[in-house]
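J.: The following block contains a protein sequence and its predicted model.
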Amino acid sequence: MIISALLAGGLAGGAFAAEKEIVFIAGDRSHGSGEHEFRAGCLLLQKALNEESGLDLHATVVGSDWPAKQRGVLEKADAILIYCDASSGIAGEWEFIDGLAKQGKGLMFMHYAVHPSKENADAWQRHWVGATMEDDFSVNPHWVAELKVKPDHPIARGLSESFEGFDEFYYNMRFQEDRGAVLDLVTAVPTRERIRHYINMWNWRGAEGMGKEQTLMWGVQRDDGGRGVGFVGGHYHKNWAIDDFRTLVLNAIVWTAGMEVPEGGVKSSPVTEDELNENLDIYPGQENPRLTLPDVDAVRKEAPAPIPAEREKKPG
């Protein structure tokens, strides 16, 4: 009778509850096709977690309109990943998200979402994840980085010792006061030869950071019991087809949720060209160019970007 009742309850509910709930907050349409594809990127990662990982979890994707429609989904989450322009995914709900953090929920911010206003970084986000991007301090070149993952950390499981990717990898983050409590999960060393574009935030600090190890993914174990992660990559959608790049982020999500990262890393199927072109944002009056699989070797063979010497002059 007890078994029958349990089965009936499970069937009535559609399924037994998953052990962990992960919520992606995907930002709205942004830069142009193939860049800042927040929703398409979240859907690729959601599919990997729900259908391919084999882990006891369930992932849901919501939009920046979640406060009006899906607040309860976030309340049930064990980890929330925010992937959007600046703080649009927070939708002004800083106190609500802080309340979730204080319950020990994991928080992960990716690419432009690591760049709140200084006010919100100081008051909220840096306390949640340990570091943020900051105007007139951090820089955002597009470069071919050799990513090295902290070898003794669970997120390194199943990954190559190092791997390359071409992205808008920000660096020179503003870390919390207790710098020693922030884990340098992924690092890389920028050089002139590796940079392909110096863009809007480039400054003298970026030049001073050349040839020095920079943190591209970081993590904290908060006093409230929750975990926080920031990752600067994710500008170019095609990078999800790099197996190590994708597995790195999946491992980080699982770790943020308080789960054990599998010994061989979180499983996922290779991303095909067709899959890269699914769910891309639609821009009225434009046809999305077809995305191709990433070719980091080809980008590495391109000429380095001209050095913007005027922007590298140190004030004073």
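T.: Happy to help now that I have it.
J.: For the rest of this, base every contact and every neighbour count on C-alpha atoms.
T.: Noted.
J.: Quick check: the gap between the residue nearest the centre of the chain and Glu161.
T.: The centroid of the chain falls nearest to Met110 when counting by Cα atoms, centre = their mean (2.8 Å). According to Cα to Cα, to the nearest Å, Met110 stands 22 Å off from Glu161.
J.: tally of neighbours for Trp204?
T.: 18 (other Cα atoms under 10 Å).
J.: was I right about it contacting Gly316?
T.: No - using Cα atoms under 8 Å, Trp204 makes no contact with Gly316, being 11.7 Å away.
J.: Assign a three-state SS to the nearest residue to His153 once chain neighbours are set aside, would you?
T.: Spatial nearest neighbour of His153, chain neighbours left out: Leu185 (7.6 Å); criterion: Cα to Cα, 6 or more residues apart in numbering. Secondary structure for Leu185, judged by DSSP: H, G, I helix; E, B strand; the rest coil, is strand.
J.: what's the distance between Leu185 and Thr256?
T.: Taken as Cα to Cα, the span from Leu185 to Thr256 is 12 Å.
J.: hmm, who's touching the biggest helix by length in the chain?
T.: Ranked by number of residues, the top helix in the chain under DSSP state H is helix 243-256. Residues outside helix 243-256 that contact it (Cα atoms under 8 Å, 6 or more residues apart in numbering) are 45, 49, 79, 81, 106-108, 154-160, 163, 165, 226-229, 239-240, 260-261, 265-268, 270.
J.: Show me how to select, in PyMOL, the buried members of these.
T.: Of the contacts of helix 243-256, the buried ones go into a single PyMOL selection, burial set by 16 or more other Cα atoms under 10 Å:
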select buried, resi 45+49+79+81+106+107+108+154+155+156+157+158+159+165+226+227+228+229+239+240+261+265+266+267+268
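J.: Can you flag which of the contacts of helix 243-256 belong to helices?
T.: Leu45.
J.: Give the bridge partners for the residue nearest to the centre of the chain, please.
T.: Tyr83, Phe231 (DSSP bridges).
J.: Contacts only, for it.
T.: Leu81, Ile82, Tyr83, Cys84, Gly230, Phe231, Val232, Gly233, Gly234.
J.: now do 7 Å
T.: Ile82, Tyr83, Gly230, Phe231, Val232, Gly233, Gly234 (Cα atoms under 7 Å, 6 or more residues apart in numbering).
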